[in-house]
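**Q** Need a 3D model of the following:
(4 chains)
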There are 4 protein chains.
Amino acid sequence: MAITGVMRAGHAQLRVLDIQVSRKFYRDVIGLVETGEDAQGRVYFKAWDERDHNSIVLRQADSAGVDFVGYRVLDAASLDQFERDLNARGVATRRIPAGEMLETGERLRFTLPSGHEFELFAEKAHVGNGLGLKNPPPWGPDAEHGMAPVRFDHCLLYGPNVAAVKALFTEVLGFRLVERILGPVEAGEPEVGIFLSCSNKTHDIAFVEHPNPGKLHHVSFRLNSWERVQRASDIMGMNRVPIDMGPTRHGVTRGETIYAWDPSGNRFETFAGGYEPYPDWEPITWTFDEFGHGLDYPTGTLHESFLGVVS
Amino acid sequence: MAITGVMRAGHAQLRVLDIQVSRKFYRDVIGLVETGEDAQGRVYFKAWDERDHNSIVLRQADSAGVDFVGYRVLDAASLDQFERDLNARGVATRRIPAGEMLETGERLRFTLPSGHEFELFAEKAHVGNGLGLKNPPPWGPDAEHGMAPVRFDHCLLYGPNVAAVKALFTEVLGFRLVERILGPVEAGEPEVGIFLSCSNKTHDIAFVEHPNPGKLHHVSFRLNSWERVQRASDIMGMNRVPIDMGPTRHGVTRGETIYAWDPSGNRFETFAGGYEPYPDWEPITWTFDEFGHGLDYPTGTLHESFLGVVS
Amino acid sequence: MAITGVMRAGHAQLRVLDIQVSRKFYRDVIGLVETGEDAQGRVYFKAWDERDHNSIVLRQADSAGVDFVGYRVLDAASLDQFERDLNARGVATRRIPAGEMLETGERLRFTLPSGHEFELFAEKAHVGNGLGLKNPPPWGPDAEHGMAPVRFDHCLLYGPNVAAVKALFTEVLGFRLVERILGPVEAGEPEVGIFLSCSNKTHDIAFVEHPNPGKLHHVSFRLNSWERVQRASDIMGMNRVPIDMGPTRHGVTRGETIYAWDPSGNRFETFAGGYEPYPDWEPITWTFDEFGHGLDYPTGTLHESFLGVVS
Amino acid sequence: MAITGVMRAGHAQLRVLDIQVSRKFYRDVIGLVETGEDAQGRVYFKAWDERDHNSIVLRQADSAGVDFVGYRVLDAASLDQFERDLNARGVATRRIPAGEMLETGERLRFTLPSGHEFELFAEKAHVGNGLGLKNPPPWGPDAEHGMAPVRFDHCLLYGPNVAAVKALFTEVLGFRLVERILGPVEAGEPEVGIFLSCSNKTHDIAFVEHPNPGKLHHVSFRLNSWERVQRASDIMGMNRVPIDMGPTRHGVTRGETIYAWDPSGNRFETFAGGYEPYPDWEPITWTFDEFGHGLDYPTGTLHESFLGVVS
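**A** Below is the predicted model:
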């Protein structure tokens, strides 16, 4: 079977300072589809072209950040196998019962060496993209409400022990390294940034070395073209959304991107472009002295806020 | 491991009527990179953003068509396993020795129920995309020579026994059905067209029921945007390349497409767009009465040449 | 003064078979903004980025076609001068009083040698584009309702005596020839199609020789990009709008275009692209044998319906 | 006649520090077509889709900046009339003989209240865009050499006395105000930036109030799409061209833009987008407090270098 194990970024639970302000922002500005609210008051969203019931979950809290991210695996057998493999490696796991999140099955939770709570799950209800499975049009009204990304694509997490994280993802979870950023020569060029894929995408998850554990750099939303990136940037301007950088192109992954902050200070990306890597491809390396172009290919600028601000 | 087994369309050997005319066409009009010529006089090409040494091979012959298509598998162990699985299912296979094609390892050859010669292989030399693996720019001069597709993406083959082909690809080769076209209600709505993926692409191979075995409908080349599809259409006009249909959008797979013929009458596609399906997604179905929009979404036209002409 | 005399296509009154069906089509499918209905039951529309109160007017009638087209001139003095110049040339004119059309001043009406009723006018109320004149955003919700063209751009009229029409437009009305299509060599290569500009656009009006007087080939609506042309083509597919040709590129004017029919059989165009010609530029000529590429640059197809069907 | 008087930005003579370095930059990075070198060692370029022999002229000098800009008028009679009108207003003019610039007729030179040397001319040889005037393709190889703008579009000049400049351009030269930027409320909201058009373009020339006379903010080159703006930004990254701002969208004129510096420190713009204004339209006003969005619509950033650095 060609795709097995971990399939994709499934959900991220974000902490927001005011649930109603954020709900409006994620629904009407980013343009996600609101799909539910649970007894705890968490609000659930999906991107329009996803089929799963939810991918972004907001929880009101006193500080911004990410509670956990969850990746969907192929089936229950895969979940069991990952549990055994993780435990065999000495990673403690626990099961969160089905239904704790709306329309979502049992989740396998563990803590990454970077301090992030990470989950795998095999079941989340399919609600479809609103176009049906029979003679569907290519898009519908949801595709033009707000920035209207097609999917929650990946996230970039900041924390310590990137080398250990890489080992876990590549040796246990079946990811592979697609691109990497090296630290300074004088520090021996350690891998300070890693872009990991479990698919044909340039990244399904990425990590950057950072002293503080469990930090969120951004959750990323996929758009279908550079013109849609422009449209997103216009919508950011119309809504006075604070922009971190972009629109521009990354050297790393070739992504066409904008970074901005939600009302609580969680960074998000809207992006298009990239390429389709395969398991037999060697990773691409960005050296420290050229990382400005890796980050912002046209200008080569090392945006300070991009490097330092996390939630 | 997340991607295993068959990874991607690796090569297609096309029969052309005049090798020099075709060489010039594939190199300067389609804009592939010529990478070699072997002792038999076959000419090898790769698309610029592929890393493998070759993907399209031209052989001079008296009639157009496709000799065989080959898909790259993850490793030698996968190749051995597929051989066992195919033989267990009663499919006869043979090994073609490494080196029979330039820079290509041993190939496992067998005949599909549709009459096509099909191959799996695990080795083909990486020559890269010309940008290097260290701090690469997003593209280079090869990306603007001719239509300059990024890769050989998939092929659509016409032949009998589509149901048996589907069984073989989904039960043995690890592909899954992403979209399908049904025949007329009065015929019981058989699956007359199937779009199969072994990745996150909408199709890595497709088949349409046709009485004559072993026919080529088209080989398909990937472009990165609808504006690049337009650029390709301009280049077709400049070079008086006969166009079958497009530029338009398919309903099926949402692809943004043009079909045209090479100088020998082999159809090729240049396309962008689509979406990223996953193994847990149910396939999309196109009914016979709506297939006009599946083929040409804006107009709903059932282009006769598209349906009938093969090589 | 740099722009004087005739400024732009101002309005076209179209005959439609069912005013309510057409109103819905022009408003929700083409995506014009409805601005009024007069005592005669005529319905008025503007494109979103126009500032004038109206540009497309629908009148219920027993047959499709165009009642008249009107072009806005700089001021009342220009209108008077054109009246004198037309009369001096033997063209009879009459004044239609202000208010006969909603929010529109006095119109100077005359009949072209091609049999079309043509008008000039100097006054039509500015209602703006909905974004205001102070710190406006680049676009708003109207820009995504239906195909949402930015303006009524030009029209192509079919009728006899194209040579006389050209003389009138270039010698009296201040237009200039930007491109032209020649008839067959054996017929002496008469100008059978002329594209006339009174601005920096490739055409503000165009005429093609045709035996029947007063015919409408199409009214044309401007879009801002090839991706918006694709979006329009998707909307046509979603609404089963019959398409005549496209999406494709014209050789003539380089326009990126789709032609389709409204529910009454009036053809309209949605287009982007082109270039900006100037009065000192010599016109471009399309010969009869190459007109296929002038019409449909990629394919070179002489679409029969395009050439023959008018309303 | 619909377009009279001043037609377009015709030429700008730029001072560069090293003529050979700059020649290579304007030819191979910006992608202009080199058309000649004169006895003084000045090097001449045109943008590919211009028909005039030259538009950008480089002169080696000790400091960067602009020697003069010249605008093409309709004909010799217009030139004479402007001379009379300028002199009547007390503006001293002088004639620079035909041939002083390659392939260029007599020029009428005068000094603007902002301290810039400004010229009008009626003759410059047409050399065409390389595609011919008979059945031309929509573009050719020149359209993909470097950033390959279609034309020299406009320039933005910094200097004192913007109010007097505006009066001269609108009262004598036939330009009109399309957009304007106001100074602070406490300063009485003077017009500190004016965007003037003599065509259907949003600006053919622009001025910003600045204490130093005769300063160049940028010369601007037109691209045909936002995707071409991205391509230009990639080429800037590949060639390590220092970027001032962008890619982004202006609120002012809606332009899709990048600003960067040539090797001598002259700023240039590559841009697409905008809209088509007419003489009857009221100007758009940007207030001081919202000018950040006028400059960089998505982010609202008041880029300091953009405001302060001139050559």
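
**Q** residues from chain A in reach of chain C?
**A** In this structure, chain A approaches chain C at residues A:137-139, A:144, A:225, A:227, A:234, A:237-238, judged by C-beta under 8 Å from any C-beta of the partner chain. (C-beta placed from N, C-alpha, C; glycine too.)

**Q** can you do 6 Å?
**A** Applying the criterion C-beta under 6 Å from any C-beta of the partner chain, the portion of chain A that neighbours chain C consists of A:137-138, A:144, A:227, A:234, A:238.

**Q** With B:Tyr259 as the reference, measure out to the closest residue to chain D within the stretch 51-200 of chain A.
**A** Closest to chain D within the stretch 51-200 of chain A is A:Met147: 11.7 Å, counting by C-beta to the nearest C-beta. From A:Met147 over to B:Tyr259 the distance is 33 Å, taken as C-beta to C-beta, to the nearest Å.

**Q** Those two - which one has more neighbours?
**A** Just comparing A:Met147 and B:Tyr259: by other C-beta atoms under 10 Å in any protein chain shown the higher neighbour count belongs to A:Met147, 27 against 24.

**Q** Could you verify that the more buried one is part of a strand?
**A** No - using DSSP: H, G, I helix; E, B strand; the rest coil, the secondary structure at A:Met147 is coil, not a strand.

**Q** Would you enumerate the residues in contact with it?
**A** Counting by C-beta atoms under 6 Å, 6 or more residues apart in numbering or on different chains, A:Met147 touches A:30-31, A:232, A:235, A:270.

**Q** mind redoing it with 10 Å?
**A** Applying C-beta atoms under 10 Å, 6 or more residues apart in numbering or on different chains to A:Met147 gives the contacts A:28-32, A:47, A:221, A:223, A:228-229, A:231-236, A:239, A:241, A:258, A:260, A:268, A:270.

**Q** Let me know the pLDDT of the nearest residue to A:Ala125 once chain neighbours are set aside.
**A** For A:Ala125, ignoring the flanking residues on the chain, the nearest one in space by C-beta to C-beta, 6 or more residues apart in numbering or on different chains is A:Glu103 at 3.9 Å. Reported pLDDT at A:Glu103 in the predicted model: 98.

**Q** all helices for chain A, in order.
**A** With DSSP state H as the criterion, chain A has helices at A:19-24, A:76-88, A:162-171, A:226-238, A:291-295, A:304-308.

**Q** Test my guess that the residue nearest to A:Ala125 contacts A:Val57.
**A** No - here A:Glu103 does not reach A:Val57: they are 11.2 Å apart, not a contact under C-beta atoms under 10 Å.

**Q** list the residues that contact both of those two?
**A** Taking C-beta under 10 Å, 6+ apart as the contact rule, A:Glu103 and A:Val57 both touch A:35-36, A:38, A:44.

**Q** can I get the helices of chain A in a markdown table with mean pLDDT and mean neighbour count?
**A** A markdown table is the format used below for the helices of chain A (pLDDT from 0 to 100; neighbours: other C-beta atoms under 10 Å in any protein chain shown):
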| stretch | mean pLDDT | mean neighbour count |
| --- | --- | --- |
| helix A:19-24 | 98 | 16 |
| helix A:76-88 | 98 | 15 |
| helix A:162-171 | 98 | 17 |
| helix A:226-238 | 98 | 24 |
| helix A:291-295 | 96 | 22 |
| helix A:304-308 | 82 | 12 |
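
**Q** Quick check, the residue in the stretch 51-200 of chain A closest to chain B?
**A** Using C-beta to the nearest C-beta, A:Cys198 is the residue of the stretch 51-200 of chain A that sits closest to chain B, at 3.7 Å.

**Q** Pairing partners for the longest strand belonging to chain A, with directions?
**A** Ranked by residue count and defined by DSSP state E, the top strand of chain A is strand A:6-16. Sheet partners assigned to strand A:6-16 using DSSP bridges are listed as strand A:56-60 (parallel), strand A:65-73 (antiparallel).

**Q** In contact with the residue with the largest distance to the centre of chain A, which residues?
**A** No residue in chain A has its C-alpha farther from the mean C-alpha position than A:Glu186, which lies at 31.5 Å (C-alpha atoms, centre = their mean). Each residue near A:Glu186 by C-beta under 10 Å, 6+ apart is listed here: A:Phe288.

**Q** Can you give me the separation between it and A:Phe288?
**A** Using C-beta to C-beta, one gets 9 Å for the distance from A:Glu186 to A:Phe288.

**Q** Near chain D, which residues of chain A are found?
**A** A:225-227, A:229-238, A:240-249, A:251, A:254, A:256, A:258, A:260, A:273, A:292-293, A:296-301 (C-beta under 10 Å from any C-beta of the partner chain).

**Q** and with 6 Å instead?
**A** A:226-227, A:230, A:233, A:236-237, A:243, A:247, A:293, A:297-299.

**Q** of those, closest to chain C?
**A** Sorting the residues of chain A next to chain D by how near they are to chain C, with C-beta to the nearest C-beta, puts A:Glu227 at the top with 4.7 Å.

**Q** what's near enough to touch the closest one?
**A** C:227, D:226.

**Q** mind checking how far it is from A:Glu119?
**A** In this structure, A:Glu227 and A:Glu119 are separated by 35 Å, where distance is defined by C-beta to C-beta.

**Q** can you tell me how far A:Ile205 sits from A:Arg59?
**A** To A:Arg59, A:Ile205 is 21 Å away according to C-beta to C-beta.

**Q** who has more neighbours, these two?
**A** When neighbours are counted by other C-beta under 10 Å, A:Ile205 comes out ahead of the other of A:Ile205 and A:Arg59, with 25 against 17.

**Q** For A:His145, report the pLDDT, please.
**A** Confidence per residue is given as pLDDT, and for A:His145 that number is 98.

**Q** tell me which of the residues of chain A next to chain C is nearest to B:Glu123?
**A** A:Pro138 (38.4 Å; C-beta to C-beta).

**Q** per-residue confidence for the closest one?
**A** As summarised for this prediction, A:Pro138 has a pLDDT of 98.

**Q** same question, A:Met1
**A** pLDDT, A:Met1: 52.

**Q** Report whether stretch A:161-172 contacts chain B.
**A** No - counting by C-beta under 6 Å from any C-beta, no contacts exist between stretch A:161-172 and chain B, the nearest distance being 9.6 Å.
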